[in-house]
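Enquirer: pasted the sequence and its predicted model underneath.
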Amino acid sequence: MIPRPPQPTPTTVSDALFDTQACLNCGAALSGPFCAQCGQKKAARMGGSTVRKEAWERFRWFEWNTLRNALRVLPQPGTTAREYVLGQRKDHPHPLTLLCLAIGFLLIVLGHTDYLRPELPSEEAQRMVALVTGYSKWSFSLGAVAAFASMWMVFRRWGYNVAELLTLALYCQAVFIALQMVNQLPLVLASSPELFRWHKAWSPWYMTALQTLMLMVALRQFLVLDWRRDGWRLLLVGALFAALKWQATQLYARAVVELVLWQMGA
């Protein structure tokens, strides 16, 4: 293909500028209302109605497509991952992008509840906890690692490769984080020292059980499994996930403590 010569940048705006069959974004020839090269809609000159229409289209696109498809992942992570793997990419959020957004929102919620910021007597102790908290943010990906490893050990011969199973694991981890945000709501709405202590003591146990159940449901959706025929495989994946996540959390915590102690010169 012969490269298109660069188009001169106009110095003035006129109606004639928009009376063209070339895309004003990339310069490609237009054969319809949208550019086949970059996807931009044929531009019209800015006016009051144009601003309102384009603003509503952008808002409506975010509201009804992005948000709706992201929320669809919550009850159907396995179905979403299956459709994404089979090629339906346009209407589904990228799993890594969705996971990063979920982590960002969770950090905002945890910051609001001070869940990771205990009160300490000395400045040195506060600095140590700040380092631990910084490294602990990476622990939000441990669930995806445990989910992928457990699925790979049981279903690696079912025709799906590493990237495809990892896609399911990332969608599941985004759902796990969404459940963590819901789990933080009592502390946001009615925080008290007693509730805070109870929450920190028992939350890891029931949240792991809930995440294990969600992983089994997602895997059944993804592989279109039957509970009666394949239930034992799903239970095996769930048991492996709970064990691997617990072990990974323990190893990660030890590594973080050792790294922080080394940084503090202890």
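Expert: Great, that's in hand.

Enquirer: any idea how far Asp230 lies from Trp158?
Expert: Using C-beta to C-beta, to the nearest Å, Asp230 is found at 10 Å from Trp158. Backbone N, C-alpha and C define where each C-beta goes, glycine included.

Enquirer: the two: which has the busier surroundings?
Expert: Higher neighbour count among Asp230 and Trp158: Asp230, with 17 against 12, using other C-beta atoms under 10 Å.

Enquirer: for that one, what are its contacts?
Expert: By C-beta atoms under 8 Å, 6 or more residues apart in numbering, the contact set of Asp230 is Arg220, Leu223.

Enquirer: quick one, grab the pLDDT at it.
Expert: According to the prediction, Asp230 has pLDDT 93.

Enquirer: if we can go back for a sec, joint contacts of Asp230 and Trp158?
Expert: Residues touching both Asp230 and Trp158 (C-beta under 8 Å, 6+ apart) are Leu223.

Enquirer: any low-confidence regions in the stretch 1-150 of the chain?
Expert: Residue ranges of the stretch 1-150 of the chain with pLDDT under 70: 1-14, 17, 45-67, 111-140.

Enquirer: can you tell me the element the residue lying closest to Met214 once chain neighbours are set aside falls in?
Expert: Leaving aside its chain neighbours, Met214 sits nearest to Val175 (5.9 Å; criterion: C-beta to C-beta, 6 or more residues apart in numbering). According to DSSP states H and E, Val175 maps onto helix 162-189.

Enquirer: need phi/psi at Lys41.
Expert: phi -70, psi 150 (degrees, to the nearest 10).

Enquirer: and it, what is it in contact with?
Expert: The contact partners of Lys41, by C-beta under 8 Å, 6+ apart, come to Pro33, Phe34, Cys35.

Enquirer: quickly list what it is bridged to.
Expert: Beta-bridge pairing for Lys41 (DSSP bridges): Phe34.
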